[in-house]
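>>> Here is the input, now give the coordinates:
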Amino acid sequence: MGKKKKERQKRQSVLGQVKKIHQKTGEPKRGYAFQLIGAFFCDFFYYTGHILKWFVLTGLILTAAVSIVLFVRFGDDYRSFEKEADQIVENSKAEDFRMDEVTYIYGADGGQIAELSSGNGKSSYLNYRQIPKYAVDAFVAIEDRSYWRNIGIDMKGIIRVAFDFVTSRGDNMAGASTITQQLARTIYLTRDRSITRKIKEMMVSIRLTRKYSKEDIMEFYVNTACFSNGIYGLEAAAKAFFGNSASQLSLSQIAYLCAIPNRPEYFNPYKHPKRALERRDKILKDMYTEGYISKSAYEKARKEKIKVRKQVSEFNNYETTYAVYCATEYLMKLHGFDFRYQFKDEADYQSYQESYESAYNLEKSNLYAKGYTVETSLRPDAQQALQQALDNNLAFATQTNPQTNVYELQGAVTAIDNRTGKVIALSGGRSQENLNNVYSLNRAWQSYRQPGSTFKPLAVYTPALMYGYTPETTVYDIDVKTAQQKGVDISALRGTAMTLRSAVEQSKNGVAYSVFYDIKPSYGLDFITRMKFDKIVPQDNTLSAALGGLTYGVTTVQMAGGYCALVNQGEYRDTTCLVSLKDNNGKELYKEEKPVRVYDAGASSVMIDILKGVLTNGTAKSMKWSESSELAAAGKTGTTNGSKDGWFCGVTPYYTVAVWVGYDTPKTLDNLYGATYPAGIWKDVMLYLTNGTAQIDFN
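Residues are numbered from 1 along each chain as shown. As a prediction, this is how the structure comes out:
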């Protein structure tokens, strides 16, 4: 018999001993019952004690194991982390926690384009005594129950997260953030989910707790928490969502607002009111469980109907909304967001989109609230000329949407300076006097449309030139419908024989389909994702992509960036208008990224040479560019099935311009081809931009 088994037999439970005594003495049942109850609790606490000891021991072992892992991995950096945390907190001041500074955006000429503000104002800042007690209790109950007694971190939570970290063998450490940690992350640290950031976050939190009182930290937290939609602070949120001061809100309304900061976009009252309501109920339950409210108050608050005020829309202009987009994405990058352009499947893509949207909205809120200075490459003169070209060429279509009164036929244009790779002007739609809501959708970067044949040079033909094709390679204009039939050997199909150059000039779909089959869709689309086209999904890995048949599509900003890479001998630069981004202390945050080689220089030059023929001999011949300018130009027309989308993407040695025309809800427009309205807009824009430049050819 084993030693452990013998010990178990020796150490009989109290319950067992009582049973034996009763059998020997024959005591009355009542007395026996009381003894059994007492014995049961003795056994319960005895074994519970052992279980608790086991948990404590496991926690200590786990903590020690994690400490060893962290020491091995970060031992050399630990002191630098401490020094950084010391410096952050030592230099911190109460003003750091005010989210009410104005951000300014400037154009290439130094003139101010826009002034951004979160709308909070200093009147929205609440001192601790002004914060409703219900709000403090709600945040403690749902976010950090040990808040009033912890040192800035919660050891139990850290053990739990450490367990996840060790068992997952991952580099990420998420969760278990106290209120102080959330404050530290919001104000002083990045938002990446690395263990390095988590360590720094804990160090800063401990030091903040030493420097400031718990009341101070709660005050800072309540005023810096993001309530979605660019709203910071409880008072601003109360006014935005309920039209009242925080002091006038009910328990239910306060709990509803306190639900939002945990995941501002996920619990956004304008987009997901039911989610916020469900979390309100959880907060109320936690407040009741923790003794902050009575049962009657809990039940009354749960039954209260929540009515949120309508959202006040903010409309700027096309250049402002694009500048905000560029600056926001750069802040996302600075704060550790991992941008992706390739996905395993649709679920992976959708998951990424959700995380992107959440991070984007948070950083956009920060942009509005933290007093940045943004300098851009946007030229007011070019912007005006570009907008005028779009408006003039589409002036014939006056029908408007009955609900919005916005023109139904729309367009988008993006212009890039080839020398810098920067966007100098863009339009996201037609302008309409006395109608600000035309700017609510910037189609230049927000509307993803099927690119038609303009996609061929980027995904098919330039990759094919790198694959071994030449302008004089004989290709066949096969029948696409036949090629799409099941079991057909596409490589054996024949059609009209022609050179690759001629096929591009005449935009032969059968040739593009056949060549794409030869080089493989995965090969061709790899060039696209390397140029940061962000809505290329696994479903696009088909031969239809050769003809611009994509699941989601592309934007004029992306297409202009791709064609700019061709004219720059295959080097791609981030398509942006951002030139400088400074924080409220004047520190420069923006760093120019180096160009990335996507295509071979030789293949790119040959592609540009082929595309010159589109304007002289091909589908854009009717534009008559040579009659208006002696400057070399190259481009490609694109028209989708049913004439629902019309494109022209073209370049000169100086500039790249991409144009799209169509309806927001796709429908046929008679005479909409790449060579009609899109080409006309492109020509007007390019003539303005190149006026007075030297008549040179491409390199």
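>>> what are the ranges of the strands in the stretch 351-500 of the chain?
Secondary structure of the stretch 351-500 of the chain (DSSP state E, counting those that start in this stretch): strands located at 373-376, 409-417, 422-427, 474-477, 496-499.
>>> I'd like to know which of these is closest to Lys307.
The closest of the strands of the stretch 351-500 of the chain to Lys307 is strand 409-417. By CB to CB, the value is 35.0 Å. Where you see a C-beta, it was placed from the backbone N, CA and C, and this is true even at glycine.
>>> Now do the phi/psi pair for Tyr106.
Here the main-chain torsion angles of Tyr106 (degrees, to the nearest 10) amount to phi -120, psi 150.
>>> My read is that it contacts Ser377, right?
No: here Tyr106 does not reach Ser377: they are 10.5 Å apart, not a contact under CB atoms under 8 Å.
>>> Among these two, which residue is more densely surrounded?
In terms of neighbours (other CB atoms under 10 Å), Ser377 is the more surrounded of Tyr106 and Ser377; the figures are 21 against 18.
>>> How about the contacts made by the nearest residue to the more buried one once chain neighbours are set aside?
Computed as CB to CB, 6 or more residues apart in numbering, the closest residue to Ser377 that is not its neighbour in sequence is Lys422, at 3.7 Å. Each residue near Lys422 by CB atoms under 8 Å, 6 or more residues apart in numbering is listed here: Ser377, Ile416, Arg573, Thr576, Cys577, Val579.
>>> got those residues as CSV, with pLDDT and distance to Ile199 columns?
Supplementary listing: the contacts of Lys422 in CSV, determined by pLDDT from 0 to 100; distance: CB to CB, whole Å:
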residue, pLDDT, distance to Ile199
Ser377, 98, 39
Ile416, 98, 42
Arg573, 97, 35
Thr576, 98, 32
Cys577, 98, 36
Val579, 98, 35
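>>> How are the strands of the chain distributed by residue range?
With DSSP state E, the ranges of strands along the chain come out as 103-106, 112-116, 373-376, 409-417, 422-427, 474-477, 496-499, 571-572, 578-582, 596-597, 634-639, 645-651, 655-663.
>>> where are the low-confidence patches of the protein?
Judged against pLDDT under 70, the low-scoring parts of the chain cover residues 1-76, 78, 119-123, 157-176, 190-193, 312-315.
>>> let's see it at 50
Low-confidence segments of the chain, defined by pLDDT under 50, span residues 1, 3-19, 21-22, 24-56, 121-122, 168-174.
>>> Ranking by neighbours, what's the top pick from the contacts of Lys422?
The most neighbours of any of the contacts of Lys422, using other CB under 10 Å, belong to Ile416, which has 29 neighbours.
>>> How about it: which residues does it bridge to?
Val423, Thr656 (DSSP bridges).
>>> Glu588 now?
Lys582.
>>> show me the contacts for it.
Residues touching Glu588, when contacts are defined by CB under 8 Å, 6+ apart, comprise Ser580, Leu581, Lys582.
>>> give me that answer again for 10 Å
Contacts here follow CB atoms under 10 Å, 6 or more residues apart in numbering; on that basis Glu588 touches Thr373, Ser580, Leu581, Lys582.
>>> Buried members of those into ChimeraX, please.
Paste this into ChimeraX to select the buried members of those, with burial taken from 16 or more other CB atoms under 10 Å:
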select :373,581,582
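>>> And the contacts of Glu588, which is closest to Gly650?
Ser580 (29.7 Å).
>>> okay, now the nearest residue to that closest one once chain neighbours are set aside: neighbour count?
Taking CB to CB, 6+ apart, and ignoring the residues beside it in sequence, Ser580 has Glu375 as its nearest neighbour in space, at 3.8 Å. Burial of Glu375, expressed as a neighbour count using other CB under 10 Å, amounts to 21.
>>> before we move on, the earlier item: between Tyr106 and Ser377, what contacts are shared?
Residues touching both Tyr106 and Ser377 comprise Ala323, Val579, with contact defined as CB under 10 Å, 6+ apart.
>>> re the thing from before, please produce a markdown table containing the strands of the stretch 351-500 of the chain, extended by distance to Asp697.
Written out in a markdown table, the entries for the strands of the stretch 351-500 of the chain read as follows (distance: least, CB to CB, whole Å):
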| stretch | distance to Asp697 |
| --- | --- |
| strand 373-376 | 30 |
| strand 409-417 | 18 |
| strand 422-427 | 22 |
| strand 474-477 | 27 |
| strand 496-499 | 22 |
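>>> So which of these has the densest surroundings on average?
Of all these, strand 422-427 has the most neighbours on average by mean count of other CB atoms under 10 Å, namely a mean of 28.
>>> gap between that strand and the chain center?
Mean-position distance between strand 422-427 and its chain equals 21 Å (CA atoms, centre = their mean, to the nearest Å).
>>> ditto for stretch 206-221
Chain-centre distance of stretch 206-221: 31 Å, with CA atoms, centre = their mean.
>>> if we can go back for a sec, what's the closest of the contacts of Lys422 to Tyr356?
Nearest to Tyr356, judged by CB to CB, of those is Thr576 at 16.6 Å.
>>> and that closest one, what are its bridge partners?
For Thr576, the residues forming beta bridges with it (DSSP bridges) are Lys422.
>>> Could you check how far it is from Glu593?
Thr576 sits 9 Å away from Glu593 when distances are taken as CB to CB, to the nearest Å.
>>> just to revisit the earlier point, turn the contacts of Glu588 into JSON lines, including distance to Ala560.
Shown next, in JSON lines, are the contacts of Glu588 (distance: CB to CB, whole Å):
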{"residue": "Thr373", "distance to Ala560": "26"}
{"residue": "Ser580", "distance to Ala560": "22"}
{"residue": "Leu581", "distance to Ala560": "22"}
{"residue": "Lys582", "distance to Ala560": "27"}
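>>> ok so, going back, what's the farthest-apart pair in the contacts of Lys422?
So for the contacts of Lys422, where distance means CB to CB, the most widely separated pair is Ile416 and Val579, at 13.7 Å.
>>> Now the common contact residues for those two.
Here Ile416 and Val579 share the contacting residues Ser377, Lys422, scored by CB under 10 Å, 6+ apart.
>>> on that earlier part again, am I right that the residue nearest to Ser580 is in contact with Thr576?
No: using CB atoms under 10 Å, Glu375 is not in contact with Thr576, being 11.9 Å away.
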